[in-house]
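> Mind looking at a prediction? Sequence and model below.
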Amino acid sequence: MRWWASSNAISMSDRRPELIFSGKVASPGLAVGSIRLHARPKIGSIPTGSPEEEAARLATALEAAAAKLEALATDAAEEAAAILEFQIALVEDGELIDPVRLMIGEGVSAAAAWRRVLDGQVADYEAAADDYFRARSADLADLRDRVLELLAGGAEAPSPLAPGEGGIYVADDLAPSRFLEIDWRSYRGGALLAGSANSHVAILARARGVPLLIGLDLGTDRLVSGAVAILDAEQGRLVQDPRSATRDAFETRLGQRRVEAEAEAAFLPRPAATRSGRRIAVAINVDEPGVVAGVNPAHCDGIGLTRTEFLFSAGLSEAVTEEAQFKIYARLIDWAEGRPVTIRTLDAGGDKPITGLTPEGESNPFLGLRGIRLSLTRPDVFMPQLRALARAAARGPLKVMLPMVTVPREIEETRVMLEVAVADLAREGSPAAMPRLGMMVEVPAAALNVAAFTVDFYSIGSNDLVQYVTATGRDCAAVAALHDPLDPAVLELIGRVVAHGAASGREVGLCGDMASDPRYLPALLDLGLSSLSVAPARLAKVKSEIARHG
């Protein structure tokens with residue numbers, strides 16, 4: 001039965017004209033459901049008490065916000081956990097909170113004071129010359145609205161979804177922490193007035209297969225909460241109150257996609273190969289260990305990227321011990337059943353700050369002390385990770401990958417530390433082995449000078465490589481048109497690394513977003529890449545696209 005055939009909203013929809021809202025595709029897919037508008041809380045609706053009562057109300061709201069963010073960070077993948085950690089740090093930042101308390105003492109309500117101070121901070125971040133701070137403005141705005149909702153006694157939520165009813169989440173914008181809170185089993189997709197196709201939310205949506213539109217061209221005042229809508233995250237449209245002909249055409253396309261999905265699923269148990277028979281290794285990216293529970297290891301060629309930042313989502317703590325890390329790495333190796341597992345050492349910094357580890361106040365964290373640069377300055381943090389990796393290497397085929405490598409010296413210093421870790425473990429009687437050591441190629445200088453690096457393998461990190469080559473922040477909508485993975489300069493550097501790998505007999509893979517996107521796969525395969533690591537949700541799609549390539 002068609003969804004709208006049983007929808008209570010359809011009779012009302014037939015009385016209103018069809019409206020089409022154009023937008024940009026951030027995560028592809030098709031969905032139909034009822035629009036659910038999510039508005040920011042209105043300050044005027046929040047009661048005001050004495051300064052003492054308002055100060056207590058603020059303290060309670062901040063405590064509740066921190067608790068919620070910490071709970072989300074515990075289960076979040078690497079990308080999201082770093083963002084949540086940034087918000088948690090702000091909740092505890094006296095420089096941010098003290099001006100709010102001062103205004104409350106002068107008789108301003110907690111909500112108005114919080115809104116005034118945070119609006120100013122958001123504006124400063126948005127106007128910053130640095131891409132990092134501009135990207136953080138959305139996270140700061142999310143924290144502002146989260147606390148306002150708590151001050152109001154809870155979010156102004158739309159009416160609850162009926163059993164079996166699918167919603168289309170519609171809002172001005174959506175921060176990563178909000179994305180993680182949403183039960184996407186009830187919501188079939190989302191549409192936003194703001195956003196960027198390269199933002200963290202877009203990356204999360206693509207990794208989880210959630211259709212998402214951004215940049216809707218009409219305000220939410222013309223949208224009707226509860227109205228039937230088609231989310232066309234292929235052609236970039238949100239159709240409210242679709243006419244019968246539009247519904248029929250959509251049902252036809254939806255049926256075609258189901259057939260295509262079934263055909264793509266047939267490629268899952270097969271080795272990936274092009275039409276000419278060229279074998280392509282397709283592994284999966286692991287943001288956090290739980291993601292492998294939904295993947296059959298026989299359907300992939302192991303793990304091509306494990307982001308270990310999720311271990312540090314609560315900052316430096318006793319939980320991040322050698323033993324705790326070893327258990328997680330061992331679990332992934334056991335899951336892979338003899339297939340290679342690639343684990344990236346801690347890639348802290350940039351848009352992934354870690355309390356107590358990453359420097360504060362850097363003018364440009366993306367060009368600062370991050371990745372392997374930071375790890376080598378903190379042997380107290382790096383050596384326990386290397387020891388855990390050496391122990392895991394004795395359990396199965398393990399590859400260790402270093403992020404943000406710029407010069408050969410960083411490889412050699414790490415190799416010496418790994419050798420020391422293996423020797424120390426042997427003396428202690430602990431099983432250990434020297435894993436294969438490789439590097440991320442994401443810094444243009446490393447791609448240009450790739451022949452100077454003595455490693456066992458290379459993995460191209462396309463997300464940062466595109467960012468650095470084109471000088472465009474991936475979260476900055478204003479320069480999104482320039483953030484082009486198919487830019488000739490980007491492809492030239494990828495081709496250069498692939499050619500060196502072929503000439504030197506070293507494996508070259510790619511583990512960034514490009515590998516999961518059918519738009520870029522033909523160019524990557526034509527460049528000679530034979531190893532890809534993709535989002536688990538895109539595994540069937542990628543393998544089927546490879547099979548179509550000549």
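Now that the structure is in, tell me what you want to look at.
> The closest residue to V295 other than its chain neighbours and A233: what is the separation?
Excluding the flanking residues, the one nearest V295 by C-beta to C-beta, 6 or more residues apart in numbering is P536, at 5.1 Å. All C-beta atoms are positioned from the backbone trio N, CA, C, and that covers glycine. Note on P536: its distance to A233, by C-beta to C-beta, to the nearest Å, is 19 Å.
> higher neighbour count, the two?
A233 (25 against 20; other C-beta atoms under 10 Å).
> And the pLDDT at the more buried one?
Looking at A233, its pLDDT is 93.
> That one pairs with what?
G29 (DSSP bridges).
> On the three-state scheme, K68 is what?
Put simply, K68 is helix when judged by DSSP: H, G, I helix; E, B strand; the rest coil.
> And the helices in the stretch 151-300 of the chain, which stretches?
176-181, 200-208, 244-265 (DSSP state H, counting those that start in this stretch).
> which one of those is the most hemmed in?
Compared across these, helix 200-208 shows the largest average neighbour count, a mean of 23 (mean count of other C-beta atoms under 10 Å).
> how does this protein divide into domains?
8-39+157-262, 50-151, 266-548 (automatic domain parsing).
> G189 reaches V170, doesn't it?
No. Between G189 and V170 there is no contact under C-beta atoms under 8 Å: 9.8 Å.
> I'd like to know which elements the helix or strand harbouring E53 is packed against.
E53 belongs to helix 51-75 when elements are defined using DSSP states H and E. Applying 3 or more C-beta pairs under 8 Å, 6 or more residues apart in numbering; DSSP states H and E, one finds that helix 51-75 makes contact with helix 78-91, helix 94-105, helix 110-127, helix 131-151, helix 176-181.
> got a list of contacts for it?
Outside helix 51-75, the residues that touch it by C-beta atoms under 8 Å, 6 or more residues apart in numbering are 48-49, 80-81, 84-85, 87-88, 91-92, 97, 100-101, 104-110, 113-114, 143, 146-147, 150-151, 177, 180-181, 288, 290, 313-314.
> Narrow those residues to just the buried residues.
80-81, 84-85, 87-88, 91, 97, 100-101, 104, 108-110, 113-114, 143, 146-147, 150-151, 177, 180, 288, 313-314 (16 or more other C-beta atoms under 10 Å).
> May I have the predicted confidence score for E92?
77.
> before we move on, what about D14?
55.
> Double-check E442 against Y468; I have them as touching.
Yes. Contact criterion C-beta under 8 Å: E442 and Y468 qualify, at 7.1 Å.
> now the helix holding E53: how far from the chain's centre is it?
25 Å (C-alpha atoms, centre = their mean, to the nearest Å).
> Flag every buried residue along stretch 228-235.
Here stretch 228-235 shows 228-233 as buried, counting by 16+ other C-beta under 10 Å.
> what's next to it, contact-wise?
4, 7, 9-10, 13, 25-35, 168, 188-191, 211-213, 237-242, 246-247, 250, 253.
> How far away from the center of its chain is that stretch?
23 Å.
> Please, where are all the strands along the stretch 201-350 of the chain?
212-214, 228-233, 237-240, 281-286, 303-306, 341-344 (DSSP state E, counting those that start in this stretch).
> Let me have these in JSON lines, extended by distance to L332.
Shown next, in JSON lines, are the strands of the stretch 201-350 of the chain (distance: least, C-beta to C-beta, whole Å):
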{"stretch": "strand 212-214", "distance to L332": "29"}
{"stretch": "strand 228-233", "distance to L332": "32"}
{"stretch": "strand 237-240", "distance to L332": "39"}
{"stretch": "strand 281-286", "distance to L332": "7"}
{"stretch": "strand 303-306", "distance to L332": "6"}
{"stretch": "strand 341-344", "distance to L332": "5"}
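> Quick one: closest of these to R391.
strand 341-344 (12.1 Å; C-beta to C-beta).
> Using PDB, write out the CA atom coordinates for that closest one.
The C-alpha atoms that make up strand 341-344 are tabulated as PDB, following Å, rounded to 0.1, in the frame of the first residue of the first chain:
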ATOM      1  CA  VAL A 341      42.400  -3.900   9.600                       C
ATOM      2  CA  THR A 342      43.800  -0.400   9.200                       C
ATOM      3  CA  ILE A 343      43.800   1.800  12.300                       C
ATOM      4  CA  ARG A 344      44.700   5.500  12.100                       C
END
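> I'd like to know which elements that strand is packed against.
Looks like strand 341-344 contacts strand 303-306, helix 322-336, strand 398-402 (3+ C-beta pairs under 8 Å, 6+ apart).
> Check which element follows that strand along the chain.
Strand 341-344 is succeeded, C-terminally, by helix 372-377 (DSSP H and E).
> Moving C-terminal from that next one, which element do we reach first?
Next along from helix 372-377, by DSSP H and E: helix 379-393.
> contact partners of stretch 344-351?
Here stretch 344-351 has contacts from 82-83, 132, 135-136, 200, 305-309, 311-312, 354, 357-359, 365-366, 368-375, 381-382, 385-386, 389, 400-404, 414, 440, 475, using C-beta under 8 Å, 6+ apart.
> one more time with 6 Å, if that's ok
Stretch 344-351 is contacted from outside by 305, 308-309, 354, 357-358, 365-366, 369-371, 374-375, 401-403, using C-beta atoms under 6 Å, 6 or more residues apart in numbering.
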